[in-house]
Structure formats: C-alpha cells, structure tokens
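[1] sequence first, then the predicted structure, then my questions.
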There are 2 protein chains.
Amino acid sequence: MLADGVLVVGTGLLGTSVGLALRRAGVDVRLRDTKAEVLNEAIRMGAGRAESPDDAPAALAVVAVPPEAVGTVVADVLSSGDASYATDVASVKVLPAAEVRARLADSGRYVGSHPMAGREISGPGGALADLFEGRPWVLCPDDQTDQQVVTRALAVARLVGASPVTMTIDDHDAAVALVSHAPHLVAVLMAARLVDAPAHEVRLAGPGVADVTRVAAGDPALWTEILAANAHAVRSVLTDVRRDLDRLLAALETSESARADLYQIMRSGVEGRSRLPGKHGAEHTEFATVAVVVDDRPGQLAKLFADVGAAGANVEDVRIDHSPGQPLGMVEIDVRPGTDVTLRDALTERGWNVHA
Amino acid sequence: MLADGVLVVGTGLLGTSVGLALRRAGVDVRLRDTKAEVLNEAIRMGAGRAESPDDAPAALAVVAVPPEAVGTVVADVLSSGDASYATDVASVKVLPAAEVRARLADSGRYVGSHPMAGREISGPGGALADLFEGRPWVLCPDDQTDQQVVTRALAVARLVGASPVTMTIDDHDAAVALVSHAPHLVAVLMAARLVDAPAHEVRLAGPGVADVTRVAAGDPALWTEILAANAHAVRSVLTDVRRDLDRLLAALETSESARADLYQIMRSGVEGRSRLPGKHGAEHTEFATVAVVVDDRPGQLAKLFADVGAAGANVEDVRIDHSPGQPLGMVEIDVRPGTDVTLRDALTERGWNVHA
C-alpha cells in the first residue's frame, strides 16, 4: 500500500523521525524541506533520500510543517501530483482541516493526524526512529474523508510503532488543549514569576517547582504558533482555570468557610492527578518503590543496577531525588509489588543503604 | 553544646528524620508525640528514646508539628523546662513567630527554622536519616533572638547534613510562597481540570502534564494548613499569576499585536525557568546528555549502567522517558561535557542503541 513510497515534507524533529522509522521498516522515503541544510542533515541521518524528477506520485505525503503552513503545503503536494494522498502531523487539527478544505476541491484525499510524541529539542538533530514507539497517533477522519488516505495514514502510524486512535477534529483539539497546551501555559505562568524574583528566593527552589515549570523551557516561537492555532479550545480550559484561581484567591482569606473551600480545591488536585494514565497517575499504585541512598562516586549507579539485575528485579521506573549542587542522593526504583521485598533484602545484603 | 540532648516533639516525617540523623551523629534524642502508635514507630525505627521523668532539660527542642500548633507547643516546652531553647521546622515562619511572641515573655529562646526537604509520603514510615543531606536549612533569627538558640539550631542543621541559610521571617515566607506554595497551587489548578474531563481526552496525556501536576498529589489537609498559614505571601504571587493569565487570555485573541504578546509570555516562561538553581535550570547546560533506547527485559538497566561504569563515566542525572503501558523506552544520562563523546562511543561499541 506504501509501495509507491512516502514523501515527507518538512524535515524537522517529527518529519525526520517519521523518515527514520519508515526507512527502518523498509519504506522508500523521499524528503523535502525549504532549508537545504536541514534537508541534508535529515538525509545524512538516514531518514530518506532526495526527491527525483522521475519519481511517481508518492502513496502518501506526510506533511510535518508548522500548523499555519499545513493547508498550503497539503494543497500543493496534492494538486501538483507529488503525492496521491496526504496527512499532516501538526498538534492542532481544526485549523489545518479548514485551510485544506478552503484550498482543495477534493479535500477527501487529506486526513489530519497527530502523533502524541515530541522532545524539547527541535530540528532533525533531535530525531529518533523510536520517537513514536507506543505513543498514541490520533487520526481525524470525517464523512468526507477517502478511506484510502485513512488506510495509508494508519499504515504509517503502525509502521512507526505508534498506537492509532480515531477522534473528531473538535474532540482532538479539546483534548490537546486540556492535556498539553493548558499545562504548558500553566507552567509558563509559574516560570514567569521567577524572572524578576530576588536571588535569595530562587535559591530555595527544589524539585517541586522544577517539575511544575519543566515544559516552560520549550521553544517560545513554536508554542506561540501552536497556541494561536488552538486559541479557542485553550481559552476554554484557561477560563475554567481562572474561575478556580479566583475561588482560590478568595479562599486564601482567613474565615473558616473559606478554609473548607481551600481544602476542596486541594482535594480536586489530588483527584484530578489520579486520573492520569500510566505510570504517572492512576496505575501508579501498581508499583512498589525501593529507595536507595547512593553517593557521587563514579560507578555507583552501575554497581547498583548490576545488583538490581542480579536480584532478578525488573525495573519499571527510576527516579533520582535531586539535591542541587550536592552528591547524587536518593535513587527510587519502582518494581512490581511482591518483588520489592526480595529486592530490598538483596540490596541490603549487598551493603546498600536501603530505605523503607 | 547538645550534650543535654535534643527533644523532638512530633514524630512525623520531619521529626523522625531529624531524630534518625541526630542519632547517627551520636546525639541523645528523646521523642514526644500525642499519638502513641506514631511515637512507638519512630522509636522502633531508631529515631530516639522515650522521655524519662529523670531527664534534665534538653539543650534544644525541635518542634515538628503542623504550623498552627507550633506557637502552643514551643511555649509549653520552654515554660515547662522540658527544654532550654526551642526551634521548629514548619514551612512558614511569620505565623509561628507571632504566636510564640504572644505566648512567651522570653521568646528570644526560640528561633524559627525550616529545612527545605520533604517527601510526598507522610508519617514516621517515610522518614530518612539522609532527608536533609545537602538541602538548605533556613534559620530566621531577629534582634530579639538569643545567640545560644541560634548556635544550637545551627549545630542541629549541620549535624543532619544540611546547608544553613539565614534570612528574615518575611523574606522566608515570600520565598516559599514563590518556590513552593504557588507552584503547588498552580499544579492543583491544572490537575483540577482533569477531574471531570472525558476519558478520551485524559487518555492522550503524556509526561508533560504529569510533571506539571505531580506535586498536586500531596496531602490536601496538610497543604490547606500550610497555605492558610502563609496566605498573604501566596496571594501576592497568585495575584501576579492572575494578572498574567488575564493578559494571556487576551493574547489568545487572533490579532497580530496579541500574537506578539503571546510570544512575550512564552519567552518569560523560558527565561524564568532558566533561573532555577542546580541540575534543573541555570546550570543544566553544564551537563551533556547521552540518550539510549532500552527495552523492558529484566537486567537491561543493570547491563546499561554496568557499561556506563566500565566506560568510566560519572552519571550526574538520569531520566527515563515514559511511554505509559509500553516497554521502557529512552534512558537519558547526563554526564559532564567532554565525557559524553567517550561514553557515546563506548556504549555504541557495546551494542547499545545510542542517539545523538
């Protein structure tokens, strides 16, 4: 079905990662980028080959350009005959769909998609063949969409190792506003408070505020585009945040009924977080944690994980508790419940400082 | 100076951790808690001994009770003669200081302190002798404070391995409002948006929103107390957040000048985050990252870190990129710049899938 090859337009982080993953699966991948040096880096990395005038129309174009450019580029590759069908990988879906429809009579040859994967590094240099492994890959067909393009986009999603999910463009944009765009902005709002803060205050910062603000370090120009392209759905989430913030500011007054309100708001935080999927939230209690104190000498982690391996434990997750500017500190190892006791005993026996 | 021993009042996470660390340093520690089972657990863990009627006044009481109870408890241990001097470890300092002053004529025998350490687990079971290792321990003396109590509190801070820092009570409460309480609330506000969200939206959540909301899982009753006790300083930070949020909501409109505003807000997030100390922020560029793909077989991390150790690399930090419900994924290893190339080559040679 992809025998005529795939054309990747835009060889940044996502486009190059798609190319690397498809090449690994044996697909003929041709690459296009308006910047020659970016294109050449992607080719050098093995994400595909340069286009040739002799190429037949590609089975599918994967358009990996900024959200605002998707409409123009999709219309161009389909009307030029460079590809028979097209999808994109932008993190918003309503705007590109509207722009493709405005530009193409047969817009059914396009289906929007969004692989839920990324890194804080941008450009082809950050690309990974494994980037999409196990991640949701959202497809947004509607009743105008040609079944051929859905089948081809699904094939790409599966070949790169992703888990395809289908939803409407509106549901998609509401979902990413909730789980990606609004969290990004909340992190930015908090990080912005640090800009002019006195050094003696910032010096007391620990791992909590570092976690809350981590995503705020993302490329501001790219995020501006993403947010502007999903402004409606993001406003909806942030308007609710603002309502709760007003309630919170009122509850920080000292009367007892306000105290009860403050508690309710704290409770809703615990409850909301428990809904997150996977290792972070709802299923977190599936794992038991073994905490080990290690010092900063070379080879300590190697020795620790060698002993963990020798104990037969399968590590589900690892966290290191940071003490800025200090020796390494605490390593927390998550394993399946039941195996934690064995691991704890084995590590203690080998001389590790293991905590309850 | 601590030859007459230390009395720890309140054997929760912090009190028991102080006891464990002081016992390790050879100090005589007596423990007190209103709940017998909590006290007995702390004694069983080796954090100290039960009080005896024959005890001379302790050199220092370390009061580790909720912020609202600090004033009463400090006044009680000092006026009863159970201890000659007292400090507390509550995460707010203005309120306890006012309450001690209101209750004691010689309030100079008390100095407020705040070790910047904690865990999401509460109670003596979560206590660690290493909890304070390398963490800031804030002391808040004023011109009424007896030098004796400062010297003794400093001795405790040093014996438990912390780094003492001195500031005024007002500066302290403003600092923790900025780097701890406001980030907690921002995380709660975001997590609260997930409570009633449709399952198909929450399902798309990735590591970003999990980081932003992690601290929101903390004990809501304890946080309500902390926030109510520092309401003024927290309101000040959140009022600034609200002003930026209003600016952000306005900027999500589509005109070009609003777009420039949106970009400015994103930039301030990047800039603010870069001010965080240690491995998380400002000094982050001190490290180079080597990213390795591993699968979920037992012993893979052991093998990896054994190979890292054999390559002579000293690991500064480790992150695992989570794919909920999927094989382990990507391990990112931070090492000092210059050593990353050697490590990358060594791991590649040993057959690891290493990324640029």
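    Thanks, I have it. Numbers count the residues shown, from 1 in each chain, chains lettered A, B, ... in the order given.
[2] buried stuff in the helix or strand harbouring A:V176?
    According to DSSP states H and E, A:V176 maps onto helix A:169-176. Buried residues in helix A:169-176, counting neighbours by 16 or more other CB atoms under 10 Å in any protein chain shown, are found at A:I169, A:D171, A:H172, A:D173, A:A174, A:A175, A:V176. Every C-beta, even on glycine, is put in place using the N, C-alpha and C of the backbone.
[3] what's in contact with it?
    Residues from elsewhere that reach helix A:169-176, judged by CB atoms under 8 Å, 6 or more residues apart in numbering or on different chains: A:91-94, A:97, A:112, A:114, A:138, A:140, A:142, A:167, A:230, A:232-233, A:236, B:200-201, B:204.
[4] and the contacts of the following helix or strand past that helix?
    The element immediately downstream of helix A:169-176 (helix or strand, assigned by DSSP H and E) is helix A:182-192. Contact with helix A:182-192 is made by A:209, A:212-218, A:223, A:227, A:234, A:237-238, A:241, B:182-183, B:186-187, B:189-190, B:193, B:208-209, B:212-213, B:241, B:244-245, B:248, B:265-266, B:268-273, as judged by CB under 8 Å, 6+ apart.
[5] repeat the analysis, applying 6 Å as the threshold.
    Identification of contacts with helix A:182-192 by CB atoms under 6 Å, 6 or more residues apart in numbering or on different chains yields A:212-213, A:215-216, A:237-238, B:183, B:186, B:190, B:208-209, B:212, B:241, B:244, B:268-269, B:272-273.
[6] please apply the same query to stretch A:239-253.
    Defining contact as CB under 6 Å, 6+ apart, one finds that stretch A:239-253 is touched by A:A258, A:D261, A:L262, A:I265, B:L189, B:A192, B:A231, B:R235, B:L238, B:R242, B:L245.
[7] just send these back as CSV, with neighbour count, pLDDT and distance to A:D54 too.
    Supplementary listing: the contacts of stretch A:239-253 in CSV, determined by neighbours: other CB atoms under 10 Å in any protein chain shown; pLDDT from 0 to 100; distance: CB to CB, whole Å:
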residue, neighbour count, pLDDT, distance to A:D54
A:A258, 17, 80, 73
A:D261, 18, 86, 70
A:L262, 24, 86, 69
A:I265, 21, 90, 64
B:L189, 30, 96, 57
B:A192, 25, 95, 58
B:A231, 22, 93, 72
B:R235, 19, 96, 68
B:L238, 24, 97, 63
B:R242, 18, 97, 60
B:L245, 21, 96, 55
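[8] just those residues now: which is nearest B:A313?
    Set against B:A313, the nearest of those by CB to CB is B:L189 (40.4 Å).
[9] for that closest one, give its distance to B:P183.
    Using CB to CB, to the nearest Å, B:L189 is found at 11 Å from B:P183.
[10] please apply the same query to A:L194.
    Distance from A:L194 to B:P183, by CB to CB: 10 Å.
[11] with neighbour numbers in mind, choose between those two.
    Between A:L194 and B:P183, B:P183 has the larger neighbour count (other CB atoms under 10 Å in any protein chain shown), namely 28 against 25.
[12] okay, the more buried one: pLDDT?
    At B:P183, the pLDDT value in this model is 96.
[13] longest helix of chain A?
    For chain A, the helix with the greatest residue count under DSSP state H is helix A:231-251.
[14] quick one: low-confidence parts of the stretch 101-250 of chain A?
    Counting by pLDDT under 70, the stretch 101-250 of chain A contains low-confidence ranges at A:120.
[15] do that again at 90, thanks
    The stretch 101-250 of chain A contains residues with pLDDT under 90 at A:117-123, A:126, A:133-135, A:199-200, A:203, A:205-208, A:214, A:217-223, A:225.
[16] which residues are in contact with the residue sitting nearest the centre point of chain A?
    Nearest residue to the geometric centre of chain A (CA atoms, centre = their mean): A:A117, 3.7 Å. Applying CB under 6 Å, 6+ apart to A:A117 gives the contacts A:L131, A:F132, A:R135.
[17] what about stretch A:305-314 and chain B, any contact?
    Yes: counting by CB under 6 Å from any CB of the partner chain, chain B has neighbours in stretch A:305-314: A:F305, A:A306, A:V308, A:G309, A:N314.
[18] export these as a markdown table, with columns for secondary structure.
    Putting those into a markdown table (DSSP: H, G, I helix; E, B strand; the rest coil) gives the following:
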| residue | secondary structure |
| --- | --- |
| A:F305 | helix |
| A:A306 | helix |
| A:V308 | helix |
| A:G309 | helix |
| A:N314 | coil |
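[19] most neighbours of all the residues you listed, which one?
    The most neighbours of any of those, using other CB under 10 Å, belong to A:V308, which has 28 neighbours.
[20] for that one, report the pLDDT, please.
    For A:V308, pLDDT reads 83.
[21] for the stretch 51-200 of chain A, what spans make up the helices?
    Remark: helices assigned in the stretch 51-200 of chain A by DSSP state H, counting those that start in this stretch are A:70-79, A:94-103, A:147-159, A:169-176, A:182-192, A:199-202.
[22] the first one to helix A:147-159, inter-axis angle?
    If you take axes from the mean of the first three to the mean of the last three CA atoms, to 10 degrees, helix A:70-79 sits at 110 degrees to helix A:147-159.
[23] tell me the mean pLDDT for helix A:70-79?
    Helix A:70-79 comes out with an average pLDDT of 96.
[24] low-scoring stretches of the stretch 251-356 of chain A, by residue?
    Applying pLDDT under 90 to the stretch 251-356 of chain A flags residues A:253-264, A:266-346, A:348-356.
[25] and A:P337, how many neighbours does it have?
    A:P337, neighbours per other CB under 10 Å, totals 12.
[26] so which strand or helix has it?
    Per DSSP H and E, there is no helix or strand for A:P337.
[27] tell me both backbone torsions, phi and psi, for it.
    Backbone torsions for A:P337, taken as degrees, to the nearest 10, come to phi -60, psi 140.
[28] any idea how far B:G299 is from it?
    In terms of CB to CB, A:P337 sits 20 Å off from B:G299.
[29] how about the strands in chain A?
    A:6-9, A:29-32, A:49-50, A:60-63, A:86-88, A:110-115, A:136-140, A:163-166, A:288-294, A:317-321, A:329-335, A:353-355 (DSSP state E).
[30] remind me what the fourth one packs against, helices and strands.
    The contact analysis (3 or more CB pairs under 6 Å, 6 or more residues apart in numbering or on different chains; DSSP states H and E) places strand A:60-63 against strand A:6-9, helix A:70-79, strand A:86-88.
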